[in-house]
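# turn this into a model:
(one chain, ligands or ions: 1)
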Amino acid sequence: MKFHATPLAGLSLIETTRVEDERGQFSRLFCEVECATIRPGLHWSQINLSRTYDKGTVRGMHFQYPPATEAKLIRCLRGRVFDVAVDLRVESPTYLHWHGVELDEEGAIQFFIPEGFAHGFQALTDDAQLLYLHTAAWNREQEGGLRHDDPAIAITWPLPVTRISTKDRQWSLVKESRFAGIQP
Ligand SMILES: Cc1cn([C@H]2C[C@H](O)[C@@H](COP(=O)(O)OP(=O)(O)O[C@H]3O[C@H](C)C(=O)[C@H](O)[C@H]3O)O2)c(=O)[nH]c1=O
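Alright, predicted model coming up:
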């Protein structure tokens with residue numbers, strides 16, 4: 001595995017290696033020892049699978065408040081997505097900055113998102129499927145969200161947004177709420 005930094009401290013790309021022979025392909029998606037480079041002692045509490053039917057759909061931007069803050073590892077299993085993380089860490093020099101990366105089923109790249117970030121993505125193909133590994137169990141009471149189209153964040157989505165949940169449409173805008181970041 002190779003690790004690539006991004007402009008947001010701790011937010012990393014994990015480049016996996018695919019071994020191919022006449023039977024097919026094999027890739028290692030996670031290794032505690034190798035990933036100690038970016039996070040010693042990384043363990044997972046929950047693994048989720050997300051399937052998005054239509055191109056243009058956006059899910060997000062989601063995060064969890066303390067004590068349920070979580071790191072995530074995202075892998076695209078089918079199709080292609082534009083995956084985005086937003087730095088919500090209190091006092092971070094890149095607070096409210098975002099970074100996006102295209103993930104696809106053929107690619108070797110995975111996204112490691114530390115605690116203190118919001119996460120969301122746009123499906124760039126129909127039937128886009130993502131595997132999520134989480135370091136904390138989801139907690140409905142600790143769930144928070146920001147608007148995908150919040151001008152204070154100004155995410156540039158590759159496609160027109162065609163579908164978004166009512167929940168995601170109703171998050172407050174940063175400027176209109178008392179949101180001031182989260183302790184990671
Ligand atoms: C996240 C989660 C959700 N749920 C239930 C709650 C809803 O009844 C249903 C769908 O939840 P939601 O609409 O929040 O799903 P997404 O919009 O895909 O949210 C996810 O996608 C964004 C981009 C993320 O980064 C989060 O990991 C996750 O919040 O599953 C659970 O039962 N367990 C869970 O861990």
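# roughly how far apart are the closest residue to the ligand within the chain and residue 166?
Nearest residue of the chain to the ligand (Cβ to the nearest ligand atom) works out as residue 138 at 2.9 Å. No exception for glycine: its C-beta is placed from N, CA and C like everyone else's. From residue 138 across to residue 166, the span is 19 Å (Cβ to Cβ, to the nearest Å).
# comparing those two, which shows the higher neighbour count?
residue 138 (15 against 6; other Cβ atoms under 10 Å).
# element containing the residue positioned nearest the centre of the chain?
In the chain, the C-alpha nearest the mean C-alpha coordinate belongs to residue 119, at 4.2 Å (Cα atoms, centre = their mean). For residue 119, the element it lies in under DSSP states H and E is strand 117-123.
# check which residues of that strand are buried.
Residues of strand 117-123 classed as buried by neighbour count (16 or more other Cβ atoms under 10 Å): 117, 118, 119, 120, 121, 122, 123.
# can you check stretch 135-149 too?
135, 136, 142, 144, 145, 146, 147, 148, 149.
# run the chain-centre distance for it.
Its chain's average C-alpha position is 12 Å from that of stretch 135-149, according to Cα atoms, centre = their mean, to the nearest Å.
# ok, residues contacting that stretch?
In this structure, residues lying in contact with stretch 135-149 by Cβ atoms under 8 Å, 6 or more residues apart in numbering are 42-46, 48, 58, 60-72, 86, 88, 115, 118, 120, 153, 155, 157, 161, 164, 167-169, 171-174, 179, 182.
# go with 6 Å
45-46, 58, 60-65, 68, 70-71, 118, 120, 171, 173 (Cβ atoms under 6 Å, 6 or more residues apart in numbering).
# and these, which of them are buried?
Counted by 16+ other Cβ under 10 Å, the contacts of stretch 135-149 give 58, 60, 61, 62, 63, 64, 68, 70, 71, 118, 120, 171 as buried.
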